[in-house]
Each structure stands twice: as structure tokens, then as C-alpha cells.
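J.: Requesting a structural model of the entry that follows:
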Amino acid sequence: MSDKKNEDYAIRMPDSATRSSPAYGGEKDAFLGRPSRGGGGGFQQSLSNVENNGPVSILAYCLASISMTIVNKYVVSGHEWNMTFLYLAVQSIVCIITIEICRQMGMIRNLAAFDTQKGKRWFPVSLLLVGMIYTGTKSLQYLSVPVYTIFKNLTTIVIAYGEVLWFGGSVTPLALLSFALMVFSSVIAAWADAVHAASAHASADAIATLNAGYAWMGMNVICTASYILCMRKVIKTMNFKDWDSMFYNNLLTIPVLVVLSLITEDWSGSNLNRNFPVESRNSIMIGMIYSGLGAIFISYCSAWCIRVTSPTTYSMVGALNKLPIAISGIIFFAAPVTAGSISAIFLGFVAGLVYALAKVRESSANKNSLPTAQPVASASSQSARDAIKA
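T.: Numbering: from 1, shown residues only. Purely as a prediction, here's the structure:
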């Protein structure tokens, strides 16, 4: 469980002024373990070339994001799966163990020791994260990957208007156009799903499954927006570095998830056998472990992509990446392919591009203007900057 979940609904764009400053490179180099210039032999030179290769960083980020979605869907796609809290607890435990191993090996050099006071202040944010990840996992259990990806766009709208209300943000006309496209694509996706479910052999069960998925998706939109807006408010006072927010999120949620699993989930032998059938038990466990490692890999690739390309390129990659995620759901999980579903995927893809373009234009306008006061960030861009700086 990690802050990576943000990238489904927020485009991370660091302040343009910081990209050329030593501080920008300094923190990201510590995060990525960037080699010093002028050193080493052939292997070090080859490694340096890879680490500073823009296309490689983009490919790594896309593969990490796609694989994480596919693995999550695979783990929870069993017909009788009902151990979601256990799954999320395993994610967090794997994440914490991996971070600690990397710190002991010197691969992570800017992670401070756990601070009890900071933990108390960050704990409400972690609880919101539990709600966000749990509802997201449940919605992914009931909905196809393409539909899940399309409906995640709606969170961007809620965050944007939340920031307009509470942080003095603004929404540009181009952003409004992208929001309209997001809503339209979601309506088409829901309609296509309903038509396909109604034509299925067990139509009543199929429609009930869809209704459950949409209910969980609606709760996920609310939980995700609450998490992002609350994080923006709290994170400014925490002075977190690159790994701190991930470390605190995972460490603080482990006891919550374990207790919730023990209280609400059935730990009987028969239920465990239904959730982990013998024929797929090993692959499910490997998937659960990978999901914890994948969360770290995505955070690494996000920072890597921003460092060696640009915020603009990263924004566009985030928008373009939704298309291969949706296609992968069709390939790996036989999601229904209809004219409606393809149209919804295409419109959602275009909506992401338009939103990314709106953020790029906004960033360029802010850079070229001569402000007389501290500028007010527009919808969701400031939360993204805070997340990058954390």
C-alpha cells in the first residue's frame, strides 16, 4: 500500500523552478541512488546510461503500473474471495520489510527513524488510505479493469472541486472539457456493461455484481478525494522526504489492517481453502508479495521518470498509460469487447490527454507570468506538488 495510488487520479507536476535547482536533483538523487559523474568502469557507465535514459524510465513506469493493476485484479478475482484486509496487510508488511532491507543495505539514505509525534499526526491520513485502498480493491474485484480505469477518472473531478472549495483552487475551461469527457466516458462504460450483463445467461447475478462494483467505486471516489485533500493539509507540516510518507503509511496501517482482518474476515480452514485453492495457492501468494514490492517499484519509477524526462512528459505518460492498462484487462481477464466499451475506453483516454494538456498549459502560464503574490494552485496540481516534495 503506497502513495502510488495517487497516480490514477492526480498528475504530479513539480514546481518548474525547482527542476533546475540543486535541491531538486539532490532529493531525487538520494531517492534513486544516482551515481556520481566521472566514476567507474564499463559496467558503471552502462548503468549510468540506463538510469539517465528517458525512454527506459517511461517504459519501466508503464510496466510497473500495468503489472500492479493486473496483479491486484488477479488476486481478488476468485469467485469466493473475501480476505481483502489480509491482502492489504500483506502488501504493507512486504513494503515495510523491503524498505528496511534497502535502508540497511544503504540503498535508501534519506529515511528518518520513526517519530511517535509525527505518527500520531499522520495516523488519520493513514486511516483514510485504508478506506481508499480497500474500496478500490473491492471495486476492482467486481468491475472489469477497463471500467475500473475509466471510473477512476471521476476522482480527479471530486479532488478538483474539493480544492476549489477548501484551498482556493481554480478550474480552467480546458479542464472543464476534460471533466465532461470523463463523465461521458463513464456513462457509456456503465451503459455498455449493463447491456452486456442483461444479455448474459445469469443476467440477474451479473447485474447484481455490477451494482456492487459501482457502489464500491462510488465509495472509492469519496475516500480517495478525502485522502488526497487531507494529505495536502497535513503533509506541509510534516517535512517528509522521499520515502517517509510511504514508510509511515504502511507502518501505521499494518495493525489496523490486521485487526480488521481478524475481526471481520473468516479465518476458518474451509474459508482459507476457498480463498487460496490448492491449484492456484502459490500464484496468489506470489501475487500478494509482488503487490507490496510493486508499490515500491512504482514510486521509484515515478521519481526516475520525472528526473530524466520532464514534468510535462510524465503528465502525458500518465494519461497515455490508461490505454494499455485498459487493453491489458481485456487481454488477461477477457473483459467484454463491445462498441460501447471501446468507445468508453477511447473517450477516457482522450479525457486524460485533455486534462494533461490543461495542466501543462497552466504550468506554462504560471511560469511565464510575473506574480505579485504567492500564486494559488489550480485544481489538484498543488496536492500533486506536495506529494512530490514529500
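J.: Please identify the helix or strand for G213.
T.: With elements taken from DSSP states H and E, the one containing G213 is helix 203-235.
J.: which of the residues in that helix are buried?
T.: 206, 209-210, 213-214, 216-217, 219-221, 223-229, 231-232, 234-235 (16 or more other C-beta atoms under 10 Å). C-beta coordinates here come from the backbone N, C-alpha and C atoms, glycine included.
J.: which strands and helices sit next to it?
T.: helix 116-142, helix 145-167, helix 173-198, helix 381-389 (3 or more C-beta pairs under 8 Å, 6 or more residues apart in numbering; DSSP states H and E).
J.: pLDDT wise, what is M288 at?
T.: pLDDT, M288: 94.
J.: what does F31 give?
T.: We have a pLDDT of 46 for F31.
J.: Same question for the one 5 residues further on.
T.: In this model, S36 is scored at 46, pLDDT.
J.: Next: the one 10 residues further on.
T.: In the prediction, the pLDDT value recorded for S46 is 70.
J.: Look up how far A339 lies from it.
T.: Distance of S46 to A339, computed by C-beta to C-beta, to the nearest Å: 48 Å.
J.: what stretches of the stretch 151-300 of the chain score poorly on pLDDT?
T.: Counting by pLDDT under 70, the stretch 151-300 of the chain shows low-confidence ranges at 201-202, 242.
J.: mind running it again at 50?
T.: Along the stretch 151-300 of the chain, segments meeting pLDDT under 50 are nowhere present.
J.: can you pull out the helices in the stretch 201-350 of the chain?
T.: 203-235, 244-264, 269-275, 281-308, 311-320, 322-333, 339-368 (DSSP state H, counting those that start in this stretch).
J.: Identify whichever of those helices lies nearest to L177.
T.: helix 339-368 (5.8 Å; C-beta to C-beta).
J.: From the contact counts, what lies against the closest one?
T.: Secondary-structure packing of helix 339-368 (3+ C-beta pairs under 8 Å, 6+ apart): helix 16-19, helix 145-167, helix 173-198, helix 311-320, helix 322-333, helix 381-389.
J.: Ok, which of these comes nearest I97?
T.: Of the helices and strands packed on helix 339-368, nearest to I97 by C-beta to C-beta is helix 381-389, at 23.6 Å.
J.: C102 is in contact with I108, isn't it?
T.: Yes. Counting by C-beta atoms under 8 Å, I108 is a contact partner of C102 at 4.6 Å.
J.: and the end-to-end length of stretch 303-316?
T.: Taking C-alpha to C-alpha, to the nearest Å, stretch 303-316 runs 15 Å from one end to the other.
J.: Determine how far that stretch lies from the middle of the whole chain.
T.: 16 Å (C-alpha atoms, centre = their mean, to the nearest Å).
J.: Please apply the same query to stretch 348-357.
T.: With C-alpha atoms, centre = their mean, you get 17 Å for stretch 348-357.
J.: buried residues in it?
T.: G348, F349, V350, A351, G352, L353, V354, Y355, A356, L357.
J.: W304: which of those residues is nearest?
T.: A356 (19.1 Å).
J.: how near is that closest one to T172?
T.: Distance from A356 to T172, by C-beta to C-beta: 13 Å.
J.: what do those two both touch?
T.: Common contacts of A356 and T172 (C-beta atoms under 8 Å, 6 or more residues apart in numbering): none found.
J.: Make sure A190 is actually in contact with Y214.
T.: Yes. Look at A190 against Y214 with C-beta under 8 Å: they come within range, at 7.0 Å.
J.: Contacts for stretch 139-148, please.
T.: By C-beta under 8 Å, 6+ apart, the list of residues contacting stretch 139-148 reads 69-70, 72-73, 76-77, 81, 84, 151, 189-190, 193, 209-210, 212-214, 216-217, 219-220, 325-330, 332-333, 335-336, 341, 344-345.
J.: end-to-end on that stretch?
T.: 7 Å.
J.: Ok, stretch 332-339 next?
T.: 19 Å.
J.: quick one on the thing from earlier: out of the helices and strands packed on helix 203-235, which comes closest to S283?
T.: helix 116-142 (17.0 Å).
J.: Pretty sure G318 sits against K359.
T.: No. At 9.9 Å, G318 does not count as touching K359 under the criterion of C-beta under 8 Å.
J.: Which one's more surrounded, those two?
T.: Per other C-beta atoms under 10 Å, whichever of G318 and K359 has more neighbours is K359, with 29 against 25.
J.: Do you know the pLDDT at that one?
T.: K359 is given a pLDDT of 79.
J.: Report the separation between the closest residue to T84 other than its chain neighbours and D193.
T.: Excluding its sequence neighbours, the residue lying closest to T84 (C-beta to C-beta, 6 or more residues apart in numbering) is T137, at 5.3 Å. Distance, T137 to D193, by C-beta to C-beta: 19 Å.
J.: Sounds good, over and out.
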